[in-house]
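Peer 1: everything below, folded, please.
(one chain, ligands or ions: 2)
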Amino acid sequence: MAVNKAPADQAGVEPEIFLALYEKMLHAYYVEEQCRVFVRAGKCSFYASARGHEKVQIAVAMLLQPGKDWFFPYYREKALMVGLGMPLDQIFQGMLSRAGDTNSLGRNMSEHFSSRALRVVSPTACTGTEFLIAVGMAKAVKADGGDAIVYVSGGEGSTSEGEFFEALNKAQRDRLPVLFVIQNNGYAISVPQEQQTHSRLDEVARGFGIRSVRVDGTRFTEMYNTLRPLIAEIRRGSGPLFVEAMVVRLDSHSSSDDQTKYRDAHDMEEARRKDPLRHTELRIREMGLLSEKEMEEWRGRIKTEVETAARAIDELPYPDPATAAVDIYSPDRVVTEEAPPRLLSEKPVTMVEAINHGLREEMEHNPRIVMWGEDIQDPKGGVFGVTRGLTEAFPGRVENSPLAEATIVGLAQGMAIGGYKPVVEIQFGDYSYPGSMQMRNEIPTLRWRSAGTWSCPMVVRVAVGGYIRGGPFHSQSPETLYAHTPGWYLAYPSNASDAKGLIKTACRMEDPVLFFEHKGLYRQVYTKSPEPGPDYLIPFGKARTVRPGEELTVIAWGRAVHMALQALGQIASDGGERSVEVIDLRTIVPMDVETVLESVRRTGRALVVHEAPLFAGMGAEVAARIADAAFESLDAPVRRVAALDCFVPFAPNLEAAILPSVEQIGAAIREILAY
Ligand SMILES: Cc1ncc(C[n+]2csc(CCOP(=O)(O)OP(=O)(O)O)c2C)c(N)n1
Ligand SMILES: [Mg+2]
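Peer 2: Ligands and ions are numbered 1, 2, ... in the order given. All right, here's what the predicted structure looks like:
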């Protein structure tokens, strides 16, 4: 690279840095130009130009340390990737979704870059979800005592999302090394910023107590000189930094948008006046760093380099369709065999004790298990007391979270990516929904969308279930919602021994696990069992035959298992002992269909019982599997007993009217047996 011997500009930026910036900006420019060609040719269906944002993206890349610092980008950051040194073929593979694509093997959208070498964590298209995950990663960095910085970015529109505020709150609360960079181009698709908010973003951040600056992201020297010492401070442990970079969006929002429909000519002319690339060329001319001829040579050289890389990738086929559903789960199930429990003693323990002891043993076994949730810290130890004593036993590893479920699960994802094993608590399943974006779109898609590059093994313990007079918002059974989301494992124990064996396995698995704890079972005498020892691990996907039988198979999980047993007890005491098999699924995902089918093929009759509403409940799935694979063995229709399609009311008689009863189960059993 020819570097003319010119002095540093007045503000003290070395010519080498200016030329490095120019080199990167030209690469970013020709990548954008090439992508436009691909869009016009119908080869790329999602394209979000970073033109107008490139200077801040490259400046930040120059100030951070690729390979050491962590990056949680959003979908408009091709120039960041160029700045970090992502090879051109990786960029084009991502843009064209071609075979060998290291970003996602064609699963994630174009513009969503991922690289383990560069510590760029695969993003989703969801606006604002990235902030909490980055904060979780910063928690891991800080816990490890490292001095890496976690970069996270978004557009100004995404700062209207609640998770943005949660992230600022937690980053500052824990003084975490997060660099927030909001690229304010004035528009969220067509919506101008004044329709989003009355506030200035840098002031919002300041309101949380965060060090906050607003910079002109289209001009280099001032931005670079302002950010350099501040970024160095984050590295020294000063806590988060918030940067609002004022940029321009020179192109339409994306390839599906036409900004001429909502921006007037004057507005677009103003944006073009701030074109960062044109301005850098002016400065290079002014500073005499390159001659006109040299600049022409640079453009030609880089254009050829970019086009050659693009052409080579364009010749590749799409990924093999046989790979489309790979990487939903780790191929390593970790625990596959169940040995009979070696009991600690014959003294029975409750489910809450069993879970508590299981967690305690796993924390001893794995020092990277960390916990948080609402009220879980001692002395309270959780509203149900499940984590009681763990704070004192494991100092610094169990803490109260903010009252914010997206924070609870979003941080867990980030810290899990950072190599920790968060085992977090959602106080009531009814309140898991603020975490829905994380639980539906982020956590379970990570391994798959990054083609196995990233994963977030973590456990979310969720208190669920009714019959506790808790009303509509403390009684829900949301297993169906989560079972319909590939990427999660879902356990739902019905007794102390299973609860211990399953929570211990959950803590060792390589994937995200939802662990449902029926709060009505925590301290019930009928869920007590002698406590298995520390080596008791139950593999997921292995149902338990609670009692054997030959005339009918009842399939249940959670509290419904006990209701079925009670119903059979009543039938027996009415003088009609029947040979009914009861199967406790124990894990909803994976579902042990084999055990169910083997049983139904013997008994010829099946009843599914669950506490969640009937319509589209898990019972429908079990019944469909039986109808599909055991139809010829059936002697009666497959029946279901479940809640009415209603929320759980508060008054005791109304609650009883909605949730399934032992009597209903008994009646269904009698009816099927008589069919
Ligand atoms: C949760 C969510 N809601 C809506 C969208 C659709 N969407 C994609 S980008 C966008 C505007 C984002 O604007 P901004 O954050 O300012 O970023 P910019 O595109 O301007 O860089 C919207 C509404 C989305 N991707 N995610
Ligand atoms: Mg915007």
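Peer 1: output stretch 353-361 as PDB - backbone C-alpha positions only.
Peer 2: Output of stretch 353-361 as PDB, limited to C-alpha atoms (Å, rounded to 0.1, in the frame of the first residue of the first chain):
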ATOM      1  CA  GLU A 353     -36.300 -30.800  48.500                       C
ATOM      2  CA  ALA A 354     -35.400 -33.200  45.700                       C
ATOM      3  CA  ILE A 355     -34.900 -30.300  43.200                       C
ATOM      4  CA  ASN A 356     -33.000 -28.200  45.700                       C
ATOM      5  CA  HIS A 357     -30.700 -31.100  46.500                       C
ATOM      6  CA  GLY A 358     -30.200 -31.900  42.800                       C
ATOM      7  CA  LEU A 359     -29.300 -28.300  42.100                       C
ATOM      8  CA  ARG A 360     -26.900 -28.200  45.000                       C
ATOM      9  CA  GLU A 361     -25.100 -31.400  43.800                       C
END
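Peer 1: and that stretch, how far out from the chain middle?
Peer 2: Per CA atoms, centre = their mean, to the nearest Å, the displacement of stretch 353-361 from the mean C-alpha position of its chain is 26 Å.
Peer 1: what does stretch 144-158 give?
Peer 2: 16 Å.
Peer 1: just the endpoints, please. Distance across that stretch?
Peer 2: 30 Å (CA to CA, to the nearest Å).
Peer 1: residues in contact with the residue of the stretch 551-675 of the chain at minimum distance from ligand 1?
Peer 2: Per CB to the nearest ligand atom, residue 616 is where the stretch 551-675 of the chain lies closest to ligand 1, at 24.7 Å. (Glycine included, C-beta is placed from N, CA and C.) Shown in contact with residue 616 (CB atoms under 8 Å, 6 or more residues apart in numbering): residue 480.
Peer 1: pLDDT value on residue 58, please?
Peer 2: pLDDT, the model's per-residue confidence, is 98 for residue 58.
Peer 1: tell me the spacing between it and residue 27.
Peer 2: Look at residue 58 and residue 27: by CB to CB, to the nearest Å, they are 9 Å apart.
Peer 1: neighbour count winner among those two?
Peer 2: residue 58 (27 against 23; other CB atoms under 10 Å).
Peer 1: near ligand 1, which residues of the protein?
Peer 2: Residues of the chain lying near ligand 1 by CB under 6 Å from any ligand atom: 76, 125-127, 154-158, 183, 185, 187-189, 253.
Peer 1: what is the nearest of these to residue 298?
Peer 2: Nearest to residue 298 among those: residue 76, at 24.9 Å, using CB to CB.
Peer 1: how many residues are close by that closest one?
Peer 2: By other CB under 10 Å, neighbour count at residue 76 equals 25.
Peer 1: that one in helix, strand or coil?
Peer 2: Under DSSP: H, G, I helix; E, B strand; the rest coil, residue 76 falls in the coil class.
Peer 1: that one touches residue 187, doesn't it?
Peer 2: No - distance between residue 76 and residue 187: 11.5 Å, which falls outside the contact criterion (CB atoms under 8 Å).
Peer 1: got the residue ranges for the strands in the stretch 501-650 of the chain?
Peer 2: In the stretch 501-650 of the chain, the segments counted as strands under DSSP state E, counting those that start in this stretch are 513-518, 529-532, 544-547, 552-556, 580-584, 587-589, 606-613, 639-643.
Peer 1: same question for the stretch 201-350 of the chain.
Peer 2: Under DSSP E, counting those that start in this stretch, the stretch 201-350 of the chain gives strands at 211-216, 241-246, 343-349.
Peer 1: closest to the centroid, which residue in the protein?
Peer 2: residue 443 (2.2 Å; CA atoms, centre = their mean).
Peer 1: residues in contact with it?
Peer 2: Shown in contact with residue 443 (CB under 8 Å, 6+ apart): 409, 412, 413, 456, 458, 487, 488, 512.
Peer 1: now the residue of the stretch 251-400 of the chain found nearest ligand 1, what are its backbone angles?
Peer 2: Closest approach of the stretch 251-400 of the chain to ligand 1 (CB to the nearest ligand atom) occurs at residue 253, with a separation of 5.6 Å. Backbone torsions for residue 253, taken as degrees, to the nearest 10, come to phi -50, psi -50.
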